[in-house]
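Undergrad: how would this look folded up:
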Amino acid sequence: MPWVYWLEVVLISVVGTLITDILTDTFGVSLEVSAGIFAVALAVTFAVWFASERTLSIHSIRTPKREAFYWLAILFTFALGAAAGDLIAEQVNLGYAKSAILFGAVIAVVTAAHYGLKLNAVLEFWIAYIVTRPLGASFGDLLTQDRDEGGLGFGPTVTTLVFTIVIVALVAFLTVSKVDVLPAKVSDLEATEREPTDA
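TA: Predicted coordinates for the structure are as follows:
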């Protein structure tokens with residue numbers, strides 16, 4: 001059910017971003033500290049998840065416990081992404097456009113490694129997934145911030161409307177076409193190969 005999944009992702013993205021913003025704007029926690037906290041929290045989540053389930057593959061998420069680990073990881077990636085995106089763009093002073101290009105380049109390198117070097121697919125997925133968060137934050141800030149602050153000046157209302165239209169269109173496409181659904185045999189095989197034993 002793509003629309004249910006992506007609605008949850010959008011809502012968690014808002015919560016993760018708000019957590020970072022509240023820490024920074026209300027409690028004065030620096031972006032360096034908040035990025036470090038969320039990086040550690042994410043690493044601990046992955047470590048406990050793997051120690052418990054012996055896999056981090058998204059194709060093996062078939063129990064409430066694994067789903068809880070997954071959504072906790074997603075929450076921390078959004079909080080980390082918001083902090084890292086602002087840290088690189090604003091405090092390192094790279095700017096929103098260059099930050100977006102930097103994070104996009106990292107994803108391109110991971111993609112090239114996937115197809116060219118055949119590295120571990122689960123590791124590659126999570127690296128790319130984590131980096132999409134600061135990429136999105138940088139791109140969103142580029143569109144919303146005023147021109148004198150390095151943005152394009154479209155403002156949050158127009159940017160939110162554009163992103164909403166794009167997300168709804170993509171989710172509708174996935175819901176109808178089902179191009180993102182793995183064949184049952186492939187999904188079952190990947191999940192079975194990664195299931196922990198009872199021994």
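Undergrad: how near is residue 63 to residue 4?
TA: 18 Å (C-beta to C-beta, to the nearest Å). (Each C-beta comes from the backbone N, C-alpha and C, glycine too.)
Undergrad: go on, residue 133?
TA: In terms of C-beta to C-beta, residue 133 sits 21 Å off from residue 4.
Undergrad: which of those two has more neighbours?
TA: The neighbour count for residue 133 versus residue 4, taken as other C-beta atoms under 10 Å, is higher for residue 133 (25 against 10).
Undergrad: quick check: chain neighbours aside, which residue is closest to that one?
TA: residue 81 (2.1 Å; C-beta to C-beta, 6 or more residues apart in numbering).
Undergrad: okay, now the one you found: neighbour count?
TA: Residue 81: 27 neighbours (other C-beta under 10 Å).
Undergrad: and for residue 49?
TA: By the criterion of other C-beta under 10 Å, residue 49 has 19 neighbours.
Undergrad: can you name every helix or strand that the strand or helix carrying it contacts?
TA: Secondary structure assignment for residue 49, by DSSP states H and E: helix 31-53. Contact analysis of helix 31-53 by 3 or more C-beta pairs under 8 Å, 6 or more residues apart in numbering; DSSP states H and E lists helix 2-25, helix 64-86 as its packing neighbours.
Undergrad: please redo it, this time with the cut-off set to 6 Å
TA: Under the contact criterion of 3 or more C-beta pairs under 6 Å, 6 or more residues apart in numbering; DSSP states H and E, helix 31-53 touches helix 64-86.
Undergrad: now the helix it packs on - C-alpha only, PDB.
TA: Output of helix 64-86 as PDB, limited to C-alpha atoms (Å, rounded to 0.1, in the frame of the first residue of the first chain):
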ATOM      1  CA  PRO A  64       6.300  -5.800  14.200                       C
ATOM      2  CA  LYS A  65       9.700  -5.800  15.800                       C
ATOM      3  CA  ARG A  66      11.500  -5.400  12.600                       C
ATOM      4  CA  GLU A  67       9.100  -2.700  11.500                       C
ATOM      5  CA  ALA A  68       9.700  -0.800  14.800                       C
ATOM      6  CA  PHE A  69      13.500  -0.900  14.100                       C
ATOM      7  CA  TYR A  70      12.900   0.300  10.600                       C
ATOM      8  CA  TRP A  71      10.700   3.300  11.500                       C
ATOM      9  CA  LEU A  72      13.100   4.300  14.400                       C
ATOM     10  CA  ALA A  73      16.000   4.200  11.900                       C
ATOM     11  CA  ILE A  74      13.900   6.400   9.500                       C
ATOM     12  CA  LEU A  75      13.200   8.900  12.200                       C
ATOM     13  CA  PHE A  76      16.800   9.200  13.100                       C
ATOM     14  CA  THR A  77      17.800   9.600   9.400                       C
ATOM     15  CA  PHE A  78      15.500  12.500   9.000                       C
ATOM     16  CA  ALA A  79      16.700  14.200  12.200                       C
ATOM     17  CA  LEU A  80      20.300  13.600  11.200                       C
ATOM     18  CA  GLY A  81      19.700  14.700   7.600                       C
ATOM     19  CA  ALA A  82      18.100  18.000   8.800                       C
ATOM     20  CA  ALA A  83      21.100  18.700  11.100                       C
ATOM     21  CA  ALA A  84      23.700  17.600   8.600                       C
ATOM     22  CA  GLY A  85      22.200  19.500   5.700                       C
ATOM     23  CA  ASP A  86      22.000  22.800   7.600                       C
END
